[in-house]
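Novice: starting from these lines, generate the structure:
(one chain, ligands or ions: 1)
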Amino acid sequence: MIWSKEETLNREEIEKIQLDRLQETVKRIYDKVPYYKAKMDEAGMKPEDVKSLDDLSDLPFTVKDDLRNNYPFGLFTVPKKEIVRVHASSGTTGKPTVVGYTRKDLNTWTELIARIVTMAGADSTDVAQIAFGYGLFTGAFGLHYGLERIGAMVVPTSSGNTEKQIMLMKDFGTTLLVSTPSYALHIMEVAKKMGIDPVNELDVKLGLFGGEGSTEAMREQIQKGWGMFATENYGMSELIGPGVAGECEALKGLHINEDHFIPEIIDPSTGKVLPPGEKGELVITTVSKEALPLIRYRTKDITRLMYEKCDCGRTLVRMAKIEGRTDDMLIIRGVNVFPSQIEEVLLNTKEIGPHYEIIVNRKGYLDKIEINVELEDTSLLDSYGNLDKLQLTIRHNLKTVLGIDAKINLVEPYTLKRFEGKAKRVIDNRN
Ligand code: DLL
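Specialist: Numbers count the residues shown, from 1 in each chain. Now for the predicted structure:
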C-alpha cells in the first residue's frame, strides 16, 4: 500500500513543490533568524535570488556547530510559545543539540512516519513494539505517533528490560519490532537464552530498524534469527528525527520524502555538488518545517542517490544504505576504511556471529587495528588448529578485500558488550 499521493508524483510535480517550499523556507529563515540573515548576507544571497532548484547550491551550508552556537533555541523561527515539543541528540561532549516542533511540524512528522512504516509493509493489524528509548531521543516518539496513525496497536516498551520485552512480545502477540538493529540482535539472543525460539514461538514478522547503520550481512543475521522481514529507515534529530527516508518492500534503497527534504550529494572535502549517482556526503534541506528549518544541512552520512523508478511504484528518489559517516572513517596506515566494510567481511564468515569490536591504537607512528570477534557457537573452541585457521582466513579476507592488516582475536560467544540503543563498536585510542 502507498500512504500518500506525494509518493508517486512525477519529477516535474515534485520539483514544483520543492521549489515553492524552498522559496518560502529561505524567506522564513532570512526574515526570522538574524544568524541566518547574517550568513546569507555574507554569501551575497537574498531570498529572491532563489529562482530555481539549481540556485540551492549557492546557499551556504548549515552544520551542527551552527546549532550548538545558538543553543538552545537560537535557530527557531517561531516564538517559544508556538513550540509544542523538543527533542535533543545526546552528543558525547558538552551541550546537546536541541530541536523543536510546532503543532504542524508534529503532524508532518506523524504523516512521514505513516508513509515509511506503510512502505515497509506495516498496517493496522500490526502490534508494534517500540524498543527505542522514550525520552529526548527522537526515535521512539517519532515512530510511535506514525504507527498509531496507521492504526497499529502500539506497545511503548522503550529500550532495556529485555526479558520483560520478550514476555510482552509473547503475551501480546507482537508482530512488528522497532529498535536499532543491534538491539534486535540482543533481544533475539536473550529470547534464545530464555528458551524461547523467536522464529517459532514469537509472531514478530516485520522489523523497522534505524538510528544506526547495518550491513546486508547484518540484515541477513536478523532475518534468519527472527524469521522476520527486516527493513531500515533513516533520519536525524536535526532534520526531524526518523521519517526522512525508508525502505519499501523492494529493499532497493531508502525512499527520501522529497516533498519535505531536498537531498544533495557533495564531495565532503570541497563542498561541491556531485553528479547524480555519485557517492558522497548527504546534504539535506528541509522545506516544510516551521520551528527549525535547515538549509543545506551537512549530515556527514555517506551515500548516493538513485533516480531510477522503483519496483514499488514510488517515484521518490532512493538513497543507498549509509556506508558510514565522514567522521567515522578510519584511516589505517593511509588506507581509508569504514567500520561497515569491516562488518561486511566479518559477517560473511560462517563461523562467526554478529558481535564484534574494532580497536585502533597507535604504536609510535604506526596505526594498529585489532578486532575482537565472537564465535557463532562454542564448537570450534576445542580445536586450537581450527581456531588458528579461522583467524588466518579472516585476516586474509580483510587484507584482500580492504587492504588492512588486522590482528584478529576470536572470543567466546556472549563475551562482548551488547547494546540496547545505538551500538558503539569502534574504540579509537589514537586521540
Ligand atoms: O537516529 C533518528 C532516527 C531514529 C532514525 C530512529 C531512524 C530511526 P540521531 O540520534 O540524531 O537521529 O542520529 C542521526 O544516526 O546522521 C546517521 O549517522 C545515523 N543513522 C540513523 N539512521 C540510520 C540508518 C536518529 N538507517 C544519525 N543507517 C545519522 C545508517 C543511520 N545510519
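Novice: what mean pLDDT does whichever helix in the chain runs longest get?
Specialist: When the chain is parsed with DSSP state H, its longest helix is helix 11-32. For helix 11-32, the mean pLDDT works out to 98.
Novice: what's next to that helix, contact-wise?
Specialist: Where contact means C-beta atoms under 8 Å, 6 or more residues apart in numbering, the residues beyond helix 11-32 that reach it are 6, 9, 36-37, 40, 46-47, 50, 52-53, 56, 59, 77-78, 258-260, 262, 285-289, 293, 295, 315-316. (C-beta placed from N, C-alpha, C; glycine too.)
Novice: cross these against strands and list the overlap.
Specialist: Counted as lying in strands by DSSP state E, out of these, are I262, T285, T286.
Novice: the helix or strand bottoming out on mean pLDDT in the chain packs against which elements?
Specialist: Taking mean pLDDT, DSSP states H and E as the measure, the helix or strand of the chain with the lowest value is strand 330-332, at a mean of 91. With contacts defined as 3 or more C-beta pairs under 8 Å, 6 or more residues apart in numbering; DSSP states H and E, strand 330-332 has these neighbours: strand 335-337, strand 352-363, strand 366-375.
Novice: do you know which of those lies nearest the ligand?
Specialist: Using C-beta to the nearest ligand atom as the measure, strand 352-363 is the one of the helices and strands packed on strand 330-332 that comes nearest the ligand, at 15.9 Å.
Novice: stretch 204-211 near the ligand at all?
Specialist: Yes. If you take C-beta under 6 Å from any ligand atom as the test, stretch 204-211 does meet the ligand, through G210, G211.
Novice: do the same with stretch 343-357
Specialist: No. Using C-beta under 6 Å from any ligand atom, stretch 343-357 stays clear of the ligand, with a minimum separation of 11.9 Å.
Novice: got it, and stretch 264-272?
Specialist: No. In terms of C-beta under 6 Å from any ligand atom, no part of stretch 264-272 sits within range of the ligand; the closest distance is 13.4 Å.
Novice: neighbouring contacts of that stretch?
Specialist: Here stretch 264-272 has contacts from 56-57, 61, 273-274, 278-285, 296, 298, 300, 302-305, 326, using C-beta under 8 Å, 6+ apart.
Novice: same question, stretch 186-203
Specialist: If you take C-beta under 8 Å, 6+ apart as the criterion, stretch 186-203 is touched by 127, 131, 162-163, 165-166, 169-170, 173-175, 177, 179, 204, 222, 225-227, 414, 418-420.
Novice: which SSE is the residue in the stretch 301-431 of the chain that the ligand sits nearest to in?
Specialist: As assessed by C-beta to the nearest ligand atom, the ligand sits closest to I322 within the stretch 301-431 of the chain, at 3.6 Å. Here I322, judged by DSSP states H and E, is contained in no helix and no strand.
Novice: quick check: it touching K300?
Specialist: No. I322 is beyond contact range of K300, at 9.9 Å (criterion: C-beta atoms under 8 Å).
Novice: so these two - more neighbours on which side?
Specialist: I322 (22 against 19; other C-beta atoms under 10 Å).
Novice: any low-confidence regions in this structure?
Specialist: Flagging of the chain using pLDDT under 70 yields the residue ranges 91-93.
Novice: give me the nearest residue to G160, chain neighbours excluded.
Specialist: With C-beta to C-beta, 6 or more residues apart in numbering as the criterion, G160 has its nearest non-adjacent residue at 4.9 Å, and that residue is E420.
Novice: ignore the last one, T174
Specialist: Of all residues not flanking T174 in the chain, Q129 sits nearest, at 4.4 Å (C-beta to C-beta, 6+ apart).
Novice: any idea how far H396 is from that neighbour?
Specialist: Using C-beta to C-beta, to the nearest Å, one obtains 41 Å as the distance from Q129 to H396.
Novice: can you check E370 too?
Specialist: Here E370 is placed at a distance of 16 Å from H396 (C-beta to C-beta).
Novice: between those two, which one's more packed in?
Specialist: A direct count of neighbours by other C-beta under 10 Å for E370 and H396 places E370 higher, at 14 against 11.
Novice: what residues does the more buried one make contact with?
Specialist: Listed by C-beta under 8 Å, 6+ apart, the contact partners of E370 are I358, I359, V360, N361, A406, K407, I408, N409.
Novice: out of those residues, which end up buried?
Specialist: Among these, those classed as buried by neighbour count (16 or more other C-beta atoms under 10 Å) are I358, I359, V360, A406, I408.
Novice: and the last one, which of the three is it?
Specialist: Read it as I408. strand (DSSP: H, G, I helix; E, B strand; the rest coil).
Novice: how about the contacts made by it?
Specialist: Contacts for I408 (C-beta under 8 Å, 6+ apart) come out as E370, I371, V373, Q391, I394, R395, L398.
Novice: contact partners for whichever residue of the chain sits closest to the ligand?
Specialist: Scanning the chain for proximity to the ligand using C-beta to the nearest ligand atom identifies G210 as nearest, at 2.7 Å. Remark: with contacts taken as C-beta under 8 Å, 6+ apart, G210 is in contact with G139, T180, E232, N233, Y234, G235, P242.
Novice: between the residues you listed, which is closest to T97?
Specialist: When the contacts of G210 are compared for distance to T97 (C-beta to C-beta), G235 wins out at 13.9 Å.
Novice: what are the pairing partners of the helix or strand containing that closest one, and which direction each?
Specialist: With the criterion set as DSSP H and E, the secondary-structure element containing G235 is strand 229-236. According to DSSP bridges, the neighbouring strands of strand 229-236, each with its direction, are strand 206-210 (parallel), strand 241-247 (antiparallel).
Novice: how distant is that strand from the center of its chain?
Specialist: Averaging C-alpha positions (C-alpha atoms, centre = their mean, to the nearest Å) puts strand 229-236 7 Å from its chain's average.
Novice: that one vs the ligand: in contact?
Specialist: Yes. Under the criterion of C-beta under 6 Å from any ligand atom, strand 229-236 makes contact with the ligand via E232, N233, Y234, G235, M236.
Novice: ok so, going back, whichever of the contacts of helix 11-32 end up buried, select them in ChimeraX.
Specialist: Under the burial definition 16+ other C-beta under 10 Å, those of the contacts of helix 11-32 that qualify are selected in ChimeraX by:
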select :6,9,36,40,47,50,56,59,77,78,258,259,260,262,285,286,287,288,289,293,295,315,316
